[in-house]
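Student: for reference, the sequence and a predicted model appear below.
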Amino acid sequence: MESKLSFFAIQINSSIFLKNPETSDLGEKILSGSVEMIFEIGFEQFNFKKLAKKIGSTEASVYRYFENKHKLLLYLTSWYWAWMQHKLSFTLANIEDPTERLKRAIVLITEQIEEDSSFSHINEVKLDNIVISESSKVYLIKEVDSVNQSGVFSAYKNLVQNICDEIYKIQPGYKYAHMLISTVIEGVHHQRYFADHLPRLTDIIEGEDAITDFYLQMVIKALDLKEGRIKQS
């Protein structure tokens, strides 16, 4: 079968999968079907038997791509972070001012997600919901140290590092860049979840994206930057 990989293909650590799902129609159905099903019923209720029935395949066929459902969730979250890195590169292209670049990066990782027509087999809005509610399950595990050694969390780490590099262009000696950016990303996920389910734990302001505004202000104040407005491209 001709490879379905394209110039815009998202690259994922090969130790996560048994067969690259991006290379076949069935593999893409597994990805799209798992996003739909985990979004609908949650990761705890999700299994390969239900997924196979949903996509009109067999459970054995799903197992040819992924060893277990944890690896599939790890694939989906890795795909999400690699996709965010793809968006970051596009967002910062041709922007030279370091402060402007950092502000745009913070807006990117905090704003509401929209679907990306470049990747028709993944619903990014539903995947974002999965990352918010389920992604911690890929690293809050007993075996995290040994799993980490295989590099499976590199997509998330690379995104954080690349935004940290933007901080270093402004303040080369800033000591807490990784802590700041990972706090922003994880905090945004908590606040989005609170806004949907536990609204008294966050602040919802009509007509504003209060979450993006809050974290942008937090980074600006932490680095003692001039606030200003994001310049339009």
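Tutor: Arrived safely.
Student: so what's W79 up against?
Tutor: I10, I12, L31, I122, L127, A155 (Cβ atoms under 8 Å, 6 or more residues apart in numbering). C-beta here means a position set from N, CA and C on the backbone, and glycine is covered the same way.
Student: how much space separates M37 from P21?
Tutor: The gap separating M37 from P21 is 15 Å, by Cβ to Cβ, to the nearest Å.
Student: tell me which of these two has more neighbours.
Tutor: Legend: neighbour count by other Cβ atoms under 10 Å for M37 and P21, higher for P21 (25 against 20).
Student: re earlier: most widely separated two among the contacts of W79?
Tutor: Pairwise distances across the contacts of W79 (Cβ to Cβ) peak at 15.2 Å, for the pair L31 and A155.
Student: and the lowest-mean-pLDDT helix or strand in the chain, what's buried?
Tutor: Lowest on mean pLDDT, DSSP states H and E among the helices and strands of the chain sits helix 144-149, with a mean of 92. For helix 144-149, the neighbour count (16 or more other Cβ atoms under 10 Å) marks V147 as buried.
Student: centre of the chain versus that helix, how much separation?
Tutor: Chain-centre distance of helix 144-149: 19 Å, with Cα atoms, centre = their mean, to the nearest Å.
Student: residues in contact with that helix?
Tutor: For helix 144-149, contacts defined as Cβ under 8 Å, 6+ apart pick out Y139, I141, F153.
Student: now the helix or strand just after that helix: mean pLDDT?
Tutor: For helix 144-149, the following helix or strand on the C-terminal side (DSSP states H and E) is helix 154-170. Averaged across helix 154-170, pLDDT comes to 97.
Student: residues of helix 154-170 that come out buried?
Tutor: Under the neighbour-count criterion of 16+ other Cβ under 10 Å, helix 154-170 has S154, A155, Y156, L159, V160, N162, I163, C164, E166, I167 buried.
Student: also stretch 99-116?
Tutor: Here stretch 99-116 shows R101, L102, K103, R104, A105, I106, V107, L108, I109, T110, I113 as buried, counting by 16+ other Cβ under 10 Å.
Student: which one among these gets closest to L76?
Tutor: Nearest member of these to L76, counting by Cβ to Cβ, is I113, at 13.8 Å.
Student: tell me the contacts of the closest one?
Tutor: Neighbouring residues of I113 by Cβ under 8 Å, 6+ apart: E124, V125, D128.
Student: so which strand or helix has the nearest residue to it once chain neighbours are set aside?
Tutor: Once flanking residues are discounted, I113 sits nearest to D128: 4.0 Å by Cβ to Cβ, 6 or more residues apart in numbering. If you go by DSSP H and E, D128 is part of helix 124-134.
Student: ok, of the buried residues of stretch 99-116, which one's closest to A177?
Tutor: Using Cβ to Cβ, L102 comes nearest to A177 of the buried residues of stretch 99-116, at 10.4 Å.
Student: what about the closest residue in space to H121 that isn't next to it in sequence, neighbour count?
Tutor: What sits nearest to H121 in space, not counting adjacent residues and going by Cβ to Cβ, 6+ apart, is E28, at 4.0 Å. If you count neighbours by other Cβ under 10 Å, E28 ends up with 18.
Student: gap between E28 and I122?
Tutor: Here E28 is placed at a distance of 9 Å from I122 (Cβ to Cβ).
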